[in-house]
Every structure is written in structure tokens, then in C-alpha cells.
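Q: Structure for this input, please:
(one chain, ligands or ions: 2)
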Amino acid sequence: MKLSISIAQNVPASAPFILRGPYLDNIKKAAELGYDAVEIHVRDPRELEVEQILKVCQKERITVSTLGTGLGYVEDKLSLTHPNAQIREKAAKRILDHIEVASYLGAGVIVGSMRGVIPDTGRFKEYENYAGEGLAVCLQKAQKCGVVLFLEAINRYETNFLNTAADTLNFITRFNSPYLKIHLDTFHMNIEEVDLAGAIKSTGRALGHIHFADSNRFYPGQGHLDFKKIIATLKNIGYKGYIALECLPYPAPEEAAAGAIKYLKSLLEEN
Ligand code: LER
Ligand code: MN
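A: Ligands and ions are numbered 1, 2, ... in the order given. The predicted structure follows:
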């Protein structure tokens, strides 16, 4: 399993991304620390210097595992379940832009917070269908571009839609596409799942991406999650995707980046 680290530019301290600042500098830093890949979080992917990123990645022998779309929700309030159809359309258009850029970078695209929150639970099905329609549009382009979409299960304090592995598994079956996979995040799982290992096992081959953060969203080893067991379970289901570190930058970005890889490499070797 390969290790990826989240990088972002101009985000608040409370955002769960480790390395912050210019993307090119952080790609170099991630490579120096021994990461196989970076996960780029960007509000609008058209702002990325794609050629420069590819050049640095090639030179540093590192890849871009994934593009995160969530800043489009946090900063621009775009979502696939917004009551306003024009905003739903803009959200899908933003994800399409991510897919376009991801196809150049050889990356996958995360749909996490961008699915939004269902505002009127009395009309849950209607809003669920809006998300389905938006995702279908994105999936069509993803298939054409050879980009895999990762739909993330997110805890109840951030959204009321797709909180668990079971919810997400159930939702994606309607698409029956190898280009739409489940994305788990150990921080959210710790809040939602009865049994973390059981939830991972239940996703099986449908699992495409996983975020690692400890129970407190600090880097793995700084809380009380059993990463030894989590890694053993991922191995057990034959997981071949990335483990991407999406954690708070505490005690400091570089310390978290270095501490996480040291801890996880030891567990990966021992398992
Ligand atoms: C995104 O990957 C995620 O996990 C959300 O909690 C972001 O706030
Ligand atoms: Mn996540």
C-alpha cells in the first residue's frame, strides 16, 4: 500500500490538511519525507499549474494520488444536494473541472463534502436523487477520461447524507461502475461505525481510497485508533489503493508529516 499526504494552499489552521503553502514546494517536501504521492486539495482546479506539477512529480519520483474537491463546498458553498438547481449544476461543473485536471495528473477525484447536506429530511429521496443525477454526469466524464471517483463516507456532524460504509455502499450500487468507488476515512469511521475492521471488510473490492487520521484527527499514533488492525484488515481484503494522510497539522505540519510516515511505515513492515 502506498502512502499519500494531503497538501493545500491558503486554508485555515482548523482544516485537516497537513502540508500548507505552495503546492510545488510541498510536493518536493513530501517526496523528501518518503511519501509515494500527494493528495491535492484545491478550491478550483483550474488554478493549478498542471505542467509544473507534472514536472516536479517526475523529477521527485512522486505521483498525485487524488484531487480533493471539498474546498468548493467550504469556500464556495457548492453542493450536489443544494436546493437551488443552478448551484447543483455549478457543483457538478466544478467536479468535472477536477476530473479534467485529474486526467492529466493521473489522479483520482474525491467527492466528499461536495455531495452536501440534505436540507429537508422530509424530502430525503428527492435530494438523494439530485446527488445521484449530479454524480451520474460526473461519472460519465470520469469514465471517458479514465478517472476514478471516490465517494467518501463522512460523519453526522458534517452531513446527514452517506455517513457510514453501509450507506455509501448501498448508494453506489445503483451506478455499478468501476469508476465509482467507496472512500473511507478513519476519523469519520471512529464516530459512525460499530466496528472499524468489519466496515472495511464489508466494502471489499468497492473500496478505492482511504484517509487516515487518528481518533482526534491528529496523525496516526497520536490517538486511540488501532492502526495495526486497520492495516491488517486492508491487507486482508486485498486493498491496492492509497492510504492518504488527512490530519490536522499538529503539533506542526512538518512534524506531523514526518511522524505519520515513520509510524505507518513501521506498521506496514510489521504486518
Ligand atoms: C474530506 O476528506 C473530509 O474528510 C471532510 O471531513 C473534510 O472536512
Ligand atoms: Mn476525509
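
Q: going forward, measure contacts between C-alpha atoms and count neighbours the same way
A: OK.

Q: for stretch 88-105, the distance to its chain's centre please.
A: Offset of stretch 88-105 from its chain centre (CA atoms, centre = their mean, to the nearest Å): 15 Å.

Q: what does that stretch rub up against?
A: Here stretch 88-105 makes contact (CA atoms under 8 Å, 6 or more residues apart in numbering) with 44-46, 50, 54, 63-64, 66-67, 69, 72, 78-82, 108-109, 111, 114, 130, 134-135, 137-138, 141-142, 145-147.

Q: before we move on, what about stretch 45-54?
A: Counting by CA under 8 Å, 6+ apart, Tyr23, Leu24, Asp97, His98, Val101, Tyr104, Leu105 sit against stretch 45-54.

Q: Report the separation between the fourth one and Glu89.
A: The one in question is His98. Separation of His98 from Glu89 (CA to CA, to the nearest Å) stands at 14 Å.

Q: More neighbours: those two, which one.
A: His98 (27 against 19; other CA atoms under 10 Å).

Q: Could you say which helix or strand holds that one?
A: helix 85-105 (DSSP states H and E).

Q: Now do the buried residues in the helix or strand just after that helix.
A: Downstream of helix 85-105, the first helix or strand assigned by DSSP H and E is strand 108-111. Using 16 or more other CA atoms under 10 Å as the test for burial, strand 108-111 gives Gly108, Val109, Ile110, Val111.

Q: I'd like to know which elements strand 108-111 is packed against.
A: If contacts are counted by 3 or more CA pairs under 8 Å, 6 or more residues apart in numbering; DSSP states H and E, strand 108-111 sits against strand 63-68, helix 85-105, strand 149-152.

Q: Tell me the gap between that strand and the middle of its chain.
A: For strand 108-111, the distance to the chain centre is 6 Å (CA atoms, centre = their mean).

Q: same check, this time on stretch 225-233
A: Worked out by CA atoms, centre = their mean, stretch 225-233 lies 19 Å from the chain centre.
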